[in-house]
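1. any chance you could fold what I've pasted below:
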Amino acid sequence: MMNTLTTRTASEGDYVYLRTATAISVGGQVVAPEGCYVQGVVSHTRRGGRVSGTAELGIRIESLQLPGGKVLNFAPRVSAVDAGGSDQKVSGRESTIKQGTDREKDAARIAIMAGSGAAIGAVVERNWRDAGIGAAAGGAAGFATVLLTRGREVELRQGSTLDVVFDRAIALE
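-> Numbering: from 1, shown residues only. Predicted structure coming up:
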């Protein structure tokens, strides 16, 4: 990736700029050397939801510029992505990158807030009833926090790698 791309700021039609990390060869003959410029476009984008729905980013790769200036139009599909420590991956749909869910984090956030509320209720009033009230209040605050925050966004940083598969013939003239 030559530029950073994220579902937070990207919109349909935005250009994506890449460079080939390895040479592309056919039958042992190099067709495009390493470092050729590649251009794509964002085909669709969806931000992470507040309660449901994960972030999604579609990329359509369209052209490759050879060192002599010749441009090849092609349409490979993205097969894998450098996740960069997150759990984003290419989903079943062609060239669509999806971010993983935050269900475990959300459940932990609610549990921590409920536990904190119970501890405060027990310390202040020193009885089980107020500890239960504190737990309910803390759980409600944790649940509200989960409802008001969005899930993680798909983010492809400059320097990230995308693996592509050429599953259609390309006319080389």
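2. report all helices and strands that the worst-scoring helix or strand of the chain on mean pLDDT contacts.
-> Of all helical and strand segments in the chain, the minimum by mean pLDDT, DSSP states H and E falls on strand 89-90, at a mean of 73. Applying 3 or more CB pairs under 8 Å, 6 or more residues apart in numbering; DSSP states H and E, we find strand 89-90 packed against strand 77-81, strand 96-98. From N, CA and C alone the C-beta is placed, and that goes for glycine too.
3. so what strands line up beside it?
-> strand 96-98 (antiparallel) (DSSP bridges).
4. how far does the strand it pairs with sit from the chain's center?
-> 6 Å (CA atoms, centre = their mean, to the nearest Å).
5. contacts for that strand?
-> 44, 54-59, 78, 81, 88-91, 154, 156 (CB atoms under 8 Å, 6 or more residues apart in numbering).
6. switch the cut-off to 7 Å
-> T54, E56, L57, G58, V81, Q88, K89, V90, S91, V154 (CB atoms under 7 Å, 6 or more residues apart in numbering).
7. per-residue confidence at the residue nearest the centre of the chain?
-> In the chain, the centroid-proximal residue (CA atoms, centre = their mean) is V154; its distance is 2.2 Å. Predicted confidence (pLDDT) for V154: 82.
8. again, but for A23
-> For A23, the predicted pLDDT is 87.
9. what's the distance between it and R77?
-> 20 Å (CB to CB, to the nearest Å).
10. which of the two has more neighbours?
-> R77 (18 against 12; other CB atoms under 10 Å).
11. would you confirm that the more buried one contacts D167?
-> Yes - counting by CB atoms under 7 Å, R77 touches D167, with 6.3 Å between them.
12. dump the helices and strands packed on strand 89-90 into TSV; add mean pLDDT as well.
-> Formatted as TSV, the helices and strands packed on strand 89-90 follow (pLDDT from 0 to 100):
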stretch	mean pLDDT
strand 77-81	75
strand 96-98	76
